[in-house]
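# Provided below for reference: sequence and predicted model.
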Amino acid sequence: MSIWLLLLIPLIATTTITLITRRHKDLSSYISIGAVVLCFIISIKPILYFLRNPHAEPLEQSFTWLNIPGLYVEIGTLLDPLSVLMLFIVTFVGSLIHIYSRGYMHGDPGYSRFFACLSLFIFAMLGIVLANNFIQMFIFWELVGLASYLLIGYYFEKPSAADAAKKAFLVNRVGDFGFILGIFVIFYATGTFNFLAIEKQIEAGNVGDWTLLLAALLIFCGVVGKSAQFPLHVWLPDAMEGPTPVSALIHAATMVAAGVYLLARTAFLYHAAPPEAAMVVAYIGGFTALLAATIALAQSDIKRVIAYSTLASLGYMVMAMGVGGVSAGMLYLTTHAFFKALLFLAAGSVIHALHTNDIWKMGGLYRKMKITGSTFGIGALAMIGVFPFSGFFAKDEILVATLASGNYVLFIGGIITAFLIAIFMSKLVFVTFFGEERYEGHPHESPPVMTVPLIILAFFAAVSGFVALPGLEPNFSTYIDGHVEGGEGGHFVAILSTLVVLAGILVAWLIYQRGFVRAEVIANHCHPLYRVLENRFYIDDFYDRVIVERIYNGIGRAFNFTEIHIIIGFFVNGSAFITREIGKALRLLTTGRLQEYALLMVGGVVILLFFFIFG
């Protein structure tokens, strides 16, 4: 029963805030914070159980929702090491983000509405994590999309925020269409939506290779949308239009993690499918990571730079899943939740103090905001992957798994991505917190309600990677999938990646701290390339001008023409015209003179007699 409370508590919080306490801002925030903290407390029991028994059988509870001939749908929960890990991430990191939001959103007129949407988001994400079947997961999957729409468009009076919310919602619907088709394919092949039952059917060899390939690729469409992989990555950077805690929630603990979690939950499908399915997953992930890291070099909005670092991280995770490194991908997802939430919340602390997102209007902030600066630095080092911070272990696990799989192109791409991440994240630290002061006003450190969550997240960003140490029992890999993952070349990868990230940090230090080569000079000398990166390879422009204006709007114009000129003009107005003209003609026959009616009747009789006699 306690597991069902994990779904009921945030739902009750959302309903209560919306219907009862929306005028009482403090009470609304306390209800929302209390709900997610209570969910975390309830999660502790299953977390401890699977830590003590990592190889225990999954715990499943369910009841019938729909049972008709040929279709059985259930509502249920599934607890195993994978879902318990996600429970910890969502509730723990979500709790810190909620607490931080109380300080960040102070004085906002939509304060209660904001916390109601946060609770809705947590409810939807927990529904995805606990679902034991595809239908239930898809319902909550779409509910996460709704919650993200409400939060990204929180400042709905701003056109840019409203557009960003619509963009996120519509782009995700493209991927979700493929996802639901994949669910139908796997149901047609197995006759069930239940994850464990599907896995048994596949292991028994009851599903053909082509069906597995089709289902795997279609389900991956949902991942491409939700976890912002190329070519549906364009919504995530624009999602920065929402409040900064929303960015932390979407990027770290909830929405974008859902796609990677789906890949881990359905890993049995990709293992059994022909290798082309996993290859598509791996190469799209690797390409997304490299693309995002390249674009981030030319961005100057602090939240947008971090957003592109999220895209790069998601690309790493998806690539890991594609090469068979499920535990490596989940390790990165876990550590990423800490250091990415930390980076966004620390960036929010800076924005809260300066009221600008432009890093070129900052500088020298460390002297004024030492807690924010120090915690942001820890998050950046973890994101870069510097030893001994958590990102070092997670990133290297992925690179080792990639190298062991024999995908050398992906491995080289991963190394290049690590180098680029080191450059733009170091640039972010140097330009924002060090050097000359370029800001206006008098910045000061944020209140404890914001800085305490930063300190807690910084601690986990620094040490959480140690769960992957081989000497631990259970090791993270054995906890997730029962065996130690990885392959030969671990020391080589560790040394190579360390040299690469140190080289990236050095390049950024020479340019942005020492001024050995000024950034303006590089931008001027590489102006065409810089413009391409600044405009994100014009992918968004291509979508706007070709997909939206020509195809989408063209289809709209075609339907508009059909509606106005054919349906309304021909059928509706045409039938009305014909009826009206027939009425005019028949009206001439209705004169009210009995002799004319008698004449017509006689004429009719004559015609009938003529027909019967001579016909």
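Sure thing, it's come through. Predicted, not measured: the structure shown is a model, and the values here were computed from it.
# Centre of the chain to the helix or strand harbouring residue 26, how far?
Residue 26 is part of helix 25-52 when elements are defined by DSSP states H and E. Put simply, helix 25-52 sits 23 Å off its chain's centre (Cα atoms, centre = their mean, to the nearest Å).
# now the strands for the chain?
59-68, 71-79 (DSSP state E).
# quick revisit: okay, buried residues for the helix holding residue 26 please.
Judged by neighbour count using 16 or more other Cβ atoms under 10 Å, the buried positions of helix 25-52 are 25, 27-29, 31-33, 35-40, 42-43, 46-47, 50. The C-beta positions use only the backbone N, C-alpha and C, and glycine is treated the same way.
# now that helix and strand 59-68, what's the angle there?
Helix 25-52 runs at 110 degrees relative to strand 59-68, counting by axes from the mean of the first three to the mean of the last three Cα atoms, to 10 degrees.
# Run through the neighbouring helices and strands of helix 25-52.
In this structure, helix 25-52 packs against helix 2-19, helix 81-88, helix 94-104, helix 111-130, with contacts taken as 3 or more Cβ pairs under 8 Å, 6 or more residues apart in numbering; DSSP states H and E.
# out of the ones you listed, nearest to residue 64?
helix 2-19 (15.3 Å; Cβ to Cβ).
# Looking at the helices and strands packed on helix 25-52, which is nearest to residue 506?
Nearest to residue 506, of those and by Cβ to Cβ, is helix 94-104 at 33.0 Å.
# Backbone dihedrals for residue 266, please?
phi -110, psi 30 (degrees, to the nearest 10).
# wait, what's in contact with the spatially closest residue to it that is not a sequence neighbour?
In this structure, residue 266 finds its nearest non-sequential neighbour in residue 219, 6.2 Å apart by Cβ to Cβ, 6 or more residues apart in numbering. Neighbouring residues of residue 219 by Cβ atoms under 8 Å, 6 or more residues apart in numbering: 178-179, 182-183, 186, 262, 266, 269.
# Format the residues you listed as JSON lines; extra columns: pLDDT.
Below are these laid out as JSON lines (pLDDT from 0 to 100):
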{"residue": "178", "pLDDT": "96"}
{"residue": "179", "pLDDT": "96"}
{"residue": "182", "pLDDT": "96"}
{"residue": "183", "pLDDT": "96"}
{"residue": "186", "pLDDT": "95"}
{"residue": "262", "pLDDT": "96"}
{"residue": "266", "pLDDT": "95"}
{"residue": "269", "pLDDT": "95"}
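# Distance to residue 399 for those - can I get that in JSON lines?
Listed next are these as JSON lines, based on distance: Cβ to Cβ, whole Å:
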{"residue": "178", "distance to residue 399": "29"}
{"residue": "179", "distance to residue 399": "29"}
{"residue": "182", "distance to residue 399": "29"}
{"residue": "183", "distance to residue 399": "33"}
{"residue": "186", "distance to residue 399": "32"}
{"residue": "262", "distance to residue 399": "23"}
{"residue": "266", "distance to residue 399": "24"}
{"residue": "269", "distance to residue 399": "25"}
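# quick one: contacts for the residue nearest the centre of the chain?
Among the residues of the chain, the one closest to the centroid is residue 256, at 2.8 Å (Cα atoms, centre = their mean). Residues near residue 256 by Cβ under 8 Å, 6+ apart: 226-228, 236, 250, 310, 314.
# Of all pairs in those, which one is the farthest apart?
Pairwise over the contacts of residue 256, using Cβ to Cβ, the maximum falls at 226 and 310, 12.8 Å.
# Show me the shaky parts of the stretch 201-350 of the chain.
Along the stretch 201-350 of the chain, segments meeting pLDDT under 70 span 253.
# err, the chain, not the other one
1, 253, 471-474, 482-489, 519-521, 523-525, 589, 615.
# Residue for residue, what is the longest helix it has?
Criterion DSSP state H: the longest helix present in the chain is helix 159-190.
# hang on, residue 276 packs against residue 210?
No. Residue 276 lies out of contact with residue 210 (Cβ atoms under 8 Å); the separation is 10.7 Å.
# The nearest residue to residue 431 once chain neighbours are set aside: how many residues sit nearby?
With sequence-adjacent residues excluded and distances taken as Cβ to Cβ, 6+ apart, residue 431 is closest to residue 359, at 4.8 Å. Using other Cβ atoms under 10 Å, the number of residues around residue 359 comes to 24.
# if I look at the residue nearest to the centre of the chain, how far off is residue 179?
15 Å (Cβ to Cβ, to the nearest Å).
# and stretch 305-325, which residues are buried?
305-325.
# in the stretch 151-300 of the chain, which spans are helices?
159-190, 195-203, 209-226, 235-238, 244-248, 255-265, 267-272, 275-296 (DSSP state H, counting those that start in this stretch).
# okay if I get the ones you listed as a markdown table plus distance to residue 554?
Shown next, in a markdown table, are the helices of the stretch 151-300 of the chain (distance: least, Cβ to Cβ, whole Å):
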| stretch | distance to residue 554 |
| --- | --- |
| helix 159-190 | 16 |
| helix 195-203 | 40 |
| helix 209-226 | 23 |
| helix 235-238 | 22 |
| helix 244-248 | 34 |
| helix 255-265 | 30 |
| helix 267-272 | 37 |
| helix 275-296 | 28 |
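# how about the ones you listed, which one is nearest residue 425?
helix 275-296 (8.5 Å).
# Tabulate the CA atom coordinates of that closest one in CSV.
Taking Å, rounded to 0.1, in the frame of the first residue of the first chain, the C-alpha atoms of helix 275-296 are listed here in CSV:
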residue,chain,number,x,y,z
PRO,A,275,22.0,-5.4,-33.9
GLU,A,276,20.8,-2.7,-36.2
ALA,A,277,18.4,-1.4,-33.5
ALA,A,278,21.2,-0.9,-30.9
MET,A,279,23.4,0.6,-33.6
VAL,A,280,20.8,3.2,-34.4
VAL,A,281,20.5,4.1,-30.7
ALA,A,282,24.2,4.3,-30.2
TYR,A,283,25.0,6.5,-33.2
ILE,A,284,22.1,8.9,-32.7
GLY,A,285,23.3,9.3,-29.1
GLY,A,286,26.9,9.8,-30.0
PHE,A,287,26.0,12.3,-32.8
THR,A,288,23.7,14.3,-30.4
ALA,A,289,26.4,14.5,-27.8
LEU,A,290,29.0,15.9,-30.3
LEU,A,291,26.5,18.2,-32.0
ALA,A,292,25.4,19.7,-28.7
ALA,A,293,28.9,20.2,-27.4
THR,A,294,29.9,22.0,-30.6
ILE,A,295,26.9,24.4,-30.4
ALA,A,296,27.6,25.2,-26.8
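# Quick one: residues contacting residue 129.
83, 86-87, 90, 261.
# Also residue 119?
Contacts of residue 119 (Cβ under 8 Å, 6+ apart): 10-11, 13-14, 17, 31-32, 35-36.
# Strand 71-79 and the helix holding residue 26, what's the angle between them?
Using the same axes, to 10 degrees: helix 25-52 against strand 71-79 is 80 degrees.
# quick one: helix 25-52 to helix 81-88, angle?
Here the directions of helix 25-52 and helix 81-88 differ by 150 degrees (the same axes, to 10 degrees).
# quick one on the thing from earlier: would you reformat the contacts of residue 129 as CSV and include distance to residue 127 and neighbour count?
Formatted as CSV, the contacts of residue 129 follow (distance: Cβ to Cβ, whole Å; neighbours: other Cβ atoms under 10 Å):
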residue, distance to residue 127, neighbour count
83, 11, 25
86, 12, 28
87, 12, 25
90, 11, 29
261, 12, 27
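# what two of those have the greatest distance between them?
The largest distance within those, taken as Cβ to Cβ, falls between 87 and 261 and amounts to 11.1 Å.
# got the contact list for the closest residue to residue 121 other than its chain neighbours?
Distances taken as Cβ to Cβ, 6+ apart place residue 147 nearest to residue 121, at 4.1 Å, with adjacent residues excluded. If you count contacts by Cβ under 8 Å, 6+ apart, residue 147 has them with 117, 120-121, 124.
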